[in-house]
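[1] everything below, folded, please.
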Amino acid sequence: MNLINVCLMIFLTTLTGSMAFGLWKLGSSVLEKQGKIYGIRGGLILVFVFYLFPVLFFFLAYQAGTFSDCDTGPLGWRTPFLLLASRLLAAVWTVGFLWRLARYKSEKKELRVLLKSSRAAEREIQEQADFVGKCVGLYRRLPVYLSKEVPGPFIIGVFRSRIFLPEKSYGEYELRVILEHELRHYRQGDLLLKSLCIWISWLQWFNPLTKKLFEEVDTWGDIHCDLHLCYGAGSRGNWKQYFGAVIDNVPETGTGFHMGMGLRTSKEELEERIRKMKRHNPKKELGKAALVLLAVCFLLTLAGTALAAGKGVEALYGVVYAATEKMEYEEPGPEPVVSEETEWLPDESLTIVDTGDNLNARGGGNYAWTISANTLSRTGAFYAAKGSKVTISVNPDPAGAATGIGLDQPNGYLRGVSGTGSYSHTFTILESGNHKAYVRNESGSKITAYVTVVR
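    Reported below is the predicted structural model:
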């Protein structure tokens, strides 16, 4: 895979991911108006597949023969312009990637500083967190930390998850709501989705929709937490009490940690979440079969749309290739002078060396023979029927050395041609039987002959 293919792979993945995100936004707006919320976040998870895996590129590359010995489509073509453009794009992409990576490292450093300045929560708060964790189906203990520096509650970390709370006094219901909200984020995989968002933002830092993807994961993660706490089994109170506790703990500014999930939200977003809970009717939600059917339709629609767009990109690439193609012509060199075929019997003055390689088991062979002056090297015997063809090619070193090539025939006669430099000759078999291909050094010094025999 060359640099052009890598650039195309990133571009096509960005294309399919953006298309999936756009189709998801259209579908989610329709479901929202109907108060059907549960299937929307599942569709968002499918969008991640198209942002992360270059399915369209591999499909087009397979069709074009990019991974085989033959390139039959534009994805296998290169021009000086395309090579230069791919190098420039790769350099720009690398700078952006390293910039995003540096921001992530800075955020990790800030988290370590925050952890040092925080303290473990009191026993009552930790026990409450453990109890709520078991209620939501968690089998591991997530530590809770208190800090004066955090503006609002949040949870962070995929493998070493921690809950951070502002250091203040909490009411019983208020603390339960906050802890369950944060633990729900962990339970439904929001932290993993945020981690995948970070990967996407690194690989596709030039795509403005990656920022929107972060926002949608935050929004729909919070909405699903709202659904569980307002309508789920074991929910306490009504949605007014729940959002009252949320409003009391929503910070005016975010935590600054993109990899975490928390109560951070704007006043407008919070009002929209409340409206969604008011419109939501669990009895009108789509069933599992309807959600599966909806997901299949989404995937089929996206696959067809993406394939059409991919073909368009392939055609555009072909146009660019045609516009930037440069043909370089070289003047042909002089044709080698090859003698007519002759038959002759070797005498004692000629040294014959047998290599012993038998061509019966295959259709041809390549050889590199070092041949002294007035010496003939030949292959092992191979059977050839009358009328069949045998082509022998020689490329001597030094390049202008005089050589002879031919066949040692069943009747004992050597039949061949002579020439200088690189040349080949096709022999028609005159008599069925065992033959040997040979090269003869006709120059006055030792040579190396690179020989090809094709039967």
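[2] ok, now how distant is Pro143 from Arg160?
    9 Å (CB to CB, to the nearest Å). From N, CA and C alone the C-beta is placed, and that goes for glycine too.
[3] okay, these two: which has more neighbours?
    Pro143 (14 against 8; other CB atoms under 10 Å).
[4] so what's the residue nearest to the more buried one when sequence neighbours are not counted up against?
    Nearest in space to Pro143, with sequence neighbours left out and distances taken as CB to CB, 6 or more residues apart in numbering, is Arg162 at 5.5 Å. Counting by CB atoms under 8 Å, 6 or more residues apart in numbering, Arg162 touches 115, 142-145, 155-156.
[5] roughly how far does Arg162 sit from Arg112?
    For Arg162 relative to Arg112 (CB to CB), the value is 12 Å.
[6] re earlier: narrow the contacts of Arg162 to those in strands?
    Assigned to strands by DSSP state E, the following of the contacts of Arg162 qualify: 144-145, 155-156.
[7] quick check: the farthest pair among those?
    Val144 and Ile156 (12.2 Å; CB to CB).
[8] spit out the residues that contact those two alike.
    Common neighbours of Val144 and Ile156 (CB under 8 Å, 6+ apart) are 162, 164.
[9] would you mind listing where the stretch 251-400 of the chain has pLDDT under the threshold?
    Scanning the stretch 251-400 of the chain with the threshold set as pLDDT under 70 gives 252-257, 263-266, 325-334, 358-363.
[10] what segments of it are helices?
    267-279, 288-324 (DSSP state H, counting those that start in this stretch).
[11] closest one to Arg415 among the ones you listed?
    Closest among the helices of the stretch 251-400 of the chain, using CB to CB: helix 288-324, at 48.6 Å.
[12] in the closest one, what counts as buried?
    Buried residues in helix 288-324, counted by 16 or more other CB atoms under 10 Å: 291, 294, 298, 302-303, 306, 309-310, 313-314, 317, 320.
[13] just stretch 19-29 next, same as before
    Those would be 19-21, 23-24, 27-28, for stretch 19-29 by 16+ other CB under 10 Å.
[14] what helix or strand is Asp218 on?
    helix 209-231 (DSSP states H and E).
[15] please disregard the earlier target; I meant Ala437.
    Assigned by DSSP H and E, Ala437 falls in strand 433-441.
[16] for that strand, name the packing helices and strands.
    Judged by 3 or more CB pairs under 8 Å, 6 or more residues apart in numbering; DSSP states H and E, strand 433-441 is in contact with strand 364-371, strand 375-378, strand 382-384, strand 389-397, strand 402-408, strand 414-420, strand 447-454.
[17] residue contacts, Arg140?
    Gly133.
[18] Lys211 now?
    Ser201.
[19] cool, the one 3 residues further on as well?
    Residues counted as contacts of Phe214 (CB under 8 Å, 6+ apart) are 194, 197, 201, 258.
[20] please redo it, this time with the cut-off set to 7 Å
    197, 258 (CB atoms under 7 Å, 6 or more residues apart in numbering).
[21] what do you get for Val132?
    Applying CB under 7 Å, 6+ apart, the residues near Val132 are 176, 179-180, 183.
[22] pLDDT at it, what is it?
    For Val132, the model assigns a pLDDT of 88.
[23] closest to Phe427 among the ones in strands among the contacts of Arg162?
    For the ones in strands among the contacts of Arg162, the nearest to Phe427 is Ile156 (78.0 Å; CB to CB).
[24] identify the bridge partners of that closest one.
    Arg162 (DSSP bridges).
[25] count the neighbours of it for me.
    25.
[26] one more: Phe57?
    Neighbours of Phe57 (other CB under 10 Å): 23.
[27] correct me, but it touches Leu12?
    Yes: with contacts counted by CB atoms under 7 Å, Phe57 reaches Leu12, the gap being 4.4 Å.
[28] what sits in contact with each of the two?
    Contacts common to Phe57 and Leu12, judged by CB under 7 Å, 6+ apart, are absent.
[29] from Ile155, how far out is the spatially most central residue of the chain?
    Centroid check for the chain by CA atoms, centre = their mean gives Pro54 as the closest residue, at 5.0 Å. According to CB to CB, Pro54 and Ile155 sit 32 Å apart.
[30] run through who's touching stretch 24-36.
    Contacts of stretch 24-36 (CB under 7 Å, 6+ apart): 39-40, 43-44, 47, 279-281, 284-286, 298.
[31] which single one of those is nearest to Val353?
    Val47 (69.6 Å).
[32] enumerate every residue touching that closest one.
    Contacts of Val47 (CB under 7 Å, 6+ apart): 17, 20-21, 24.
[33] closest one to Arg440 out of the ones in strands among the contacts of Arg162, please.
    For the ones in strands among the contacts of Arg162, the nearest to Arg440 is Ile156 (79.7 Å; CB to CB).
[34] now do the buried residues in the helix holding Asp218.
    209-210, 213-214, 216-231.
[35] please apply the same query to stretch 337-355.
    For stretch 337-355, using 16+ other CB under 10 Å, the buried residues are 338, 355.
[36] just how off-centre is it within its chain?
    58 Å (CA atoms, centre = their mean, to the nearest Å).
[37] what's the average pLDDT for stretch 29-44?
    81.
[38] possible to save the helices of the stretch 251-400 of the chain as a markdown table with distance to Leu3?
    Shown next, in a markdown table, are the helices of the stretch 251-400 of the chain (distance: least, CB to CB, whole Å):
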| stretch | distance to Leu3 |
| --- | --- |
| helix 267-279 | 42 |
| helix 288-324 | 14 |
